[in-house]
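Asks: Need coordinates for the below:
(one chain, ligands or ions: 1)
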Amino acid sequence: MSPESRPVAGFQADPEFFRLEERTEFDAGLVLEVLQGRRLGVMFRGVIPAEAQKESVARFWSSPARRHREGEPSHYIGSYHWNKSTETYLAETEKITADVREVLDVPGSPWQSFRDGLADELARHGAVLRIAEHEGAEACPALVRAWDKEGSFALEPHEDEAQCGDPRQAGFEIQGVRDHEVCAVNMCVEHEEGGRLVIWNIRPDAESRRRLGIEHTGFSYPAEALAGFDELRIEVGRGDVYVFNGAYVHAVDASTGNRTNLSFLMGFIDDRTVVSWT
Ligand SMILES: [Fe+2]
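Replies: Take a look at the predicted model:
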């Protein structure tokens, strides 16, 4: 058996925990439970107003800042901290934030509604929500991305925790999330077919990451190495907002046509502070 195909090891949740709660109205209390590690995730169906979806999609596709690299399965606007230094991330962020905000700041903005709702809930618990900072610079408010890849996965199996320990980002406050829970927030504004969210019941340990050579990236886990774990396959539709614990291995399965999402990561970095970044 090659090291790549050996199963990964780590923590597996109880079967009762390993599910996504579904609602048709936003409930910030459930999001707080995900942040606190008391819930795997929550799916809010159809909560983004139709006009806001339409306007977000129109602004995304017409934006001069939209990027697409030949051979890569996505179009995107925004920056991401994954696999680079804090300085590089923040420099890239500074250049693109105004363009990202242009897509986020639509009437009925799902990004703003989500954050306002969560901030109110956190305030009741003496905590705040803010964008992560470093030496006076701010992280990117969101990554707007359209997947258009066919094949087995549009986004390969990975987790979002390993990337929060990259030594090139030592001293960046987001690394505090490793003592809490890293949560992925996604808002779907355009969707044709497929592109389900897949989550496996495994939080890989450091040894498994090292063996796969993905200690600081968490990307990617070979599908064969995940075959023995329970998995959830969750349909995602236009207007859906969902939040889940990103330390569990997850992926986006094959999609047909465009699947456009606003996304960011967030987590507590101390008892009173939730920060977000991309
Ligand atoms: Fe992820």
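Asks: Now do the helix or strand where residue 113 lies: everything it contacts.
Replies: Following DSSP states H and E, one finds residue 113 within helix 110-124. Residues outside helix 110-124 that contact it (C-beta atoms under 8 Å, 6 or more residues apart in numbering) are 26, 28-29, 31-32, 47-49, 52, 56, 104-105, 128-129, 141-142, 185, 187, 189, 241, 262, 274. C-beta coordinates here come from the backbone N, C-alpha and C atoms, glycine included.
Asks: tell me which residues in the lengthiest helix in the chain are buried?
Replies: The residue-count maximum for a helix in the chain (DSSP state H) belongs to helix 86-104. The neighbour-count check on helix 86-104 (16 or more other C-beta atoms under 10 Å) flags 86, 89-90, 92-93, 96-97, 99-100, 102-104 as buried.
Asks: Likewise for stretch 204-216?
Replies: Neighbour-count burial for stretch 204-216 [16+ other C-beta under 10 Å]: 204, 208-209, 211-212, 214-216.
Asks: List the ones among those that fall in helices.
Replies: Judged by DSSP H, the buried residues of stretch 204-216 include 208-209, 211-212 as members of helices.
Asks: which two in the residues you listed are spaced the farthest apart?
Replies: 209 and 211 (7.3 Å; C-beta to C-beta).
Asks: separation between residue 249 and residue 26?
Replies: Look at residue 249 and residue 26: by C-beta to C-beta, to the nearest Å, they are 27 Å apart.
Asks: now stretch 242-262, how far from the centre of its chain.
Replies: Offset of stretch 242-262 from its chain centre (C-alpha atoms, centre = their mean, to the nearest Å): 8 Å.
Asks: whoops, I mixed them up, stretch 148-162
Replies: With C-alpha atoms, centre = their mean as the basis, stretch 148-162 stands 12 Å off its chain's centre.
Asks: same check, this time on stretch 46-63
Replies: With C-alpha atoms, centre = their mean as the basis, stretch 46-63 stands 19 Å off its chain's centre.
Asks: contacting residues around stretch 70-77?
Replies: 60, 63, 65-68, 96, 99-100, 103, 143-149, 154-155.
Asks: So which of those residues sit within strands?
Replies: Among the contacts of stretch 70-77, the members falling in strands are 67-68, 143-147, 154-155 (criterion: DSSP state E).
Asks: Quick test: name the residue nearest the centre of the protein.
Replies: residue 184 (3.2 Å; C-alpha atoms, centre = their mean).
Asks: before we move on, back to that, looking at residue 249 and residue 26, which is more packed in?
Replies: Between residue 249 and residue 26, counted using other C-beta atoms under 10 Å, the more crowded position is residue 249 (26 against 17).
Asks: before we move on, back to that, filter the contacts of stretch 70-77 down to the buried ones.
Replies: By neighbour count, with 16+ other C-beta under 10 Å, the contacts of stretch 70-77 hold 60, 63, 65-66, 96, 99-100, 103, 143-149, 154-155 as buried.
Asks: Quick one: mean pLDDT over stretch 139-156.
Replies: Across stretch 139-156, pLDDT averages out at 87.
Asks: Then stretch 270-278?
Replies: Mean predicted confidence for stretch 270-278 is 98.
Asks: List the buried residues for stretch 226-238?
Replies: 226, 229, 231-232, 234, 236, 238.
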